[in-house]
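K.L.:
starting from these lines, generate the structure:
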Amino acid sequence: MTTPLPISLFPFRLLISAICFSICDANSNLLCIQSERQALLKFKNHLIDPSNRLSSWVEGGDCCKWIGVVCHNSTGHIHQLHLAPLSEPGGKINPSLLELKHLSSLDLSSNNFSSIHIPKFFGLLESLTYLDLSRAQFRGEIPHNLGNLSKLQYLDLGRNDLKSKSLQWVSGLSSLQYLDLSYANLSKANDWVQCQFYKSLLVLDLFWNRLTSVPKSIFCLHGLLSIVLSGNSLEGPIPDYFGNTSFLEVLDLSRNHLNSSIPNSLYSLNRLQFLSLSSNQLQGTISSAIGNLSSVTHLDLYNNTIEGGISEILQSLSRCCSDSLESLDMTNNQLSGHLTNQLGQFKNLSYLSLAQNKISGPIPSSMGKLSSLKFLSVSENQLNGSLFELVCNSSNGEWMEVLYIDRNLISGEIPDCWNYWRYLGLLNLESNNLIGKIPPSLGYRDLLVLNLRNNNMFGELPATFRNSTSLMMLDLSENHFNGSIPAWIGDKLSMLQVLSLRSNNFGGHIPQATIATLCIDRQLSDQVLKIMLVKWTEAT
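P.N.:
Next up is the predicted model:
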């Protein structure tokens, strides 16, 4: 799952805000300095600019009015360059930038410098406080002389193809607050102990750095607000040292090989808002001390082997964050027990996934009281009972976008009260014990996906489905539906890409249609469902 980080990092936000403010308010009545204009023209001449974005950069022009250029209000000196993106530029970065003695902010992010390394002369831009080279396709070794930028507060080198055999250069960044080295290969950097992170650092992103252990030097950063170590090869237990970073608001250890239980030291981080431990090998039960996470809004424990009763976990969480919790993902663990009415206490919960566990019993009526819920997946459990309370007596139906209750033991008919589920896009009730006909009210919804495969349903397709013009996938296979396949499937459902009606009792003629896939096997259908779910997640 993809989730925005709910972090209140005021210092670097203020830094970015100041930059945005300068872009809006600077350059009003200034004429740029001749030597600095010439420096920019040399810089431009060594770039390939296929979109001609720098067309305003011409000889004799006022460079303070050029796109991406910000001059100081009183002196006229260029102090900010924002060139993200230039639409696939190439070429070289000319050292004429060194003529910009007052340059404090340089942004070349989201460009394509795929044939060059980060220029070493960047380490001579001594006035820089902000440097963003992220997603710019730089390659090779990170130049060590970046460590000369003692005024630098914000450094983003993330999402490039970089590497570093030594991190000693970081020790020179005495003013640094934000450091993103994501995707850099740091597997050969064995001098973490000598690397002295300064206590000014607030945000540290070491995503996908090929690390095998957590650098102990970061545990001296008691003021750290955010640390991302996901996508590495961290092994063994979660270090207790994290308990020393008491101001931490974001901790992401997902996609590693950590194999302990969750240590109590993590539960002491009462400022923590975002905690992701997903896709590890964590085991054992969750301590009731999780109730100490009084600020948590996003909790992601997806894809581990955590055991215990779901009702006990929810009871502990209700003590700390019934009002704050917005996202809870415990998919693919070994949780058991019943869902109870305490679930209804989480009034701000918008994302809940408890799929692929061993949870049994009926869906509690309190689940319908989660008025903020947009995503609910309880797939592949042992839930039983009917859907009536959830569908017909629910206050969350108005906002629900994704509802997955497939591969359970749900029985009875699908209730005919979907009128208020106006934003529902993905509905998956596959592989239950449902009977009866498809309710007509489902046809009035703007569904993208409807999957009723492998139930015991019967009857004809309701005529209201001709109104489901947004439908992209309809899987009714392995039921007892009968009658003829209506002509409006090929006529009205112009968005339909996947239609599976196999293993039913349909008769008559197949109507003309331009459907991409008329009959699909189970494996392909599952793949389509996963793709649709990923697209929904990325769009939210």
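
K.L.:
doesn't Asp491 make contact with Thr469?
P.N.:
No: using C-beta atoms under 8 Å, Thr469 is not in contact with Asp491; the gap is 10.6 Å. Every C-beta, even on glycine, is put in place using the N, C-alpha and C of the backbone.

K.L.:
for Leu266, grab the count of nearby residues.
P.N.:
Using other C-beta atoms under 10 Å, Leu266 is surrounded by 23 other residues.

K.L.:
double-check that it belongs to a strand.
P.N.:
No: secondary structure of Leu266 (DSSP: H, G, I helix; E, B strand; the rest coil): helix, not part of a strand.

K.L.:
then stretch 207-226 to PDB, C-alphas only?
P.N.:
The C-alpha coordinates for stretch 207-226 follow below in PDB (Å, rounded to 0.1, in the frame of the first residue of the first chain):
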ATOM      1  CA  PHE A 207      15.400   3.400   0.900                       C
ATOM      2  CA  TRP A 208      16.800   0.600  -1.200                       C
ATOM      3  CA  ASN A 209      20.400   1.200  -0.300                       C
ATOM      4  CA  ARG A 210      21.400  -2.500  -0.100                       C
ATOM      5  CA  LEU A 211      22.100  -2.200   3.600                       C
ATOM      6  CA  THR A 212      22.400  -5.400   5.700                       C
ATOM      7  CA  SER A 213      22.200  -3.700   9.100                       C
ATOM      8  CA  VAL A 214      20.900  -0.500  10.600                       C
ATOM      9  CA  PRO A 215      23.700   2.100  10.900                       C
ATOM     10  CA  LYS A 216      24.200   2.700  14.600                       C
ATOM     11  CA  SER A 217      25.300   6.300  14.100                       C
ATOM     12  CA  ILE A 218      21.700   7.300  13.400                       C
ATOM     13  CA  PHE A 219      20.600   6.400  16.900                       C
ATOM     14  CA  CYS A 220      22.500   9.400  18.200                       C
ATOM     15  CA  LEU A 221      20.100  11.700  16.400                       C
ATOM     16  CA  HIS A 222      17.600  12.200  19.200                       C
ATOM     17  CA  GLY A 223      15.800  14.900  17.300                       C
ATOM     18  CA  LEU A 224      15.200  12.800  14.100                       C
ATOM     19  CA  LEU A 225      11.600  13.000  12.900                       C
ATOM     20  CA  SER A 226      11.600  10.600  10.000                       C
END
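
K.L.:
just after the helix or strand of the chain with the lowest mean pLDDT, pick out the following helix or strand.
P.N.:
Ranked by mean pLDDT, DSSP states H and E, the helix or strand of the chain with the weakest confidence is helix 10-25, at a mean of 46. Downstream of helix 10-25, the first helix or strand assigned by DSSP states H and E is helix 34-45.

K.L.:
what's the following helix or strand after that following helix?
P.N.:
For helix 34-45, the following helix or strand on the C-terminal side (DSSP H and E) is strand 47-48.

K.L.:
for that following strand, name the packing helices and strands.
P.N.:
Applying 3 or more C-beta pairs under 8 Å, 6 or more residues apart in numbering; DSSP states H and E, we find strand 47-48 packed against strand 90-91.

K.L.:
give me the nearest residue to Glu59, chain neighbours excluded.
P.N.:
Once flanking residues are discounted, Glu59 sits nearest to Leu41: 6.6 Å by C-beta to C-beta, 6 or more residues apart in numbering.

K.L.:
next, work out how far apart the one you found and Ser35 are.
P.N.:
Shown here: Leu41 relative to Ser35, a distance of 11 Å by C-beta to C-beta, to the nearest Å.

K.L.:
looking at the two, which one has more neighbours?
P.N.:
Leu41 (18 against 11).

K.L.:
thought that one was touching Ser56?
P.N.:
No: between Leu41 and Ser56 there is no contact under C-beta under 8 Å: 11.6 Å.

K.L.:
got any residues that touch both of these two?
P.N.:
Overlap of the contact sets of Leu41 and Ser56 (by C-beta atoms under 8 Å, 6 or more residues apart in numbering) is empty.

K.L.:
picking that back up, now do the residue nearest to Glu59, the pLDDT please.
P.N.:
According to the per-residue confidence, Leu41 scores 97 in pLDDT.

K.L.:
now it: how far from Ile33?
P.N.:
Remark: distance between Leu41 and Ile33 (C-beta to C-beta) = 13 Å.

K.L.:
go on, Leu258?
P.N.:
Plainly put, Leu258 is 54 Å away from Ile33 if you go by C-beta to C-beta.

K.L.:
okay, those two: which has more neighbours?
P.N.:
Set Leu258 next to Ile33 and count neighbours by other C-beta under 10 Å: Leu258 wins out with 23 against 19.

K.L.:
ok, the residue nearest to that one when sequence neighbours are not counted - how many residues close by?
P.N.:
For Leu258, ignoring the flanking residues on the chain, the nearest one in space by C-beta to C-beta, 6+ apart is Asn280 at 4.3 Å. Neighbour count for Asn280, taken as other C-beta under 10 Å: 26.

K.L.:
spit out the contact partners of Asn280.
P.N.:
Asn280 neighbours (C-beta under 8 Å, 6+ apart): 253-259, 303-304.

K.L.:
okay, it: pLDDT?
P.N.:
The model reports Asn280 with a pLDDT of 98.

K.L.:
same question for the one 3 residues further on.
P.N.:
Reading off the per-residue confidence, Gln283 sits at a pLDDT of 97.

K.L.:
where exactly do the helices run in this protein?
P.N.:
10-25, 34-45, 264-267, 310-321, 388-392, 488-491, 522-539 (DSSP state H).

K.L.:
give the buried residues for the fifth one.
P.N.:
Which is helix 388-392. Using 16 or more other C-beta atoms under 10 Å as the test for burial, helix 388-392 gives 389-392.
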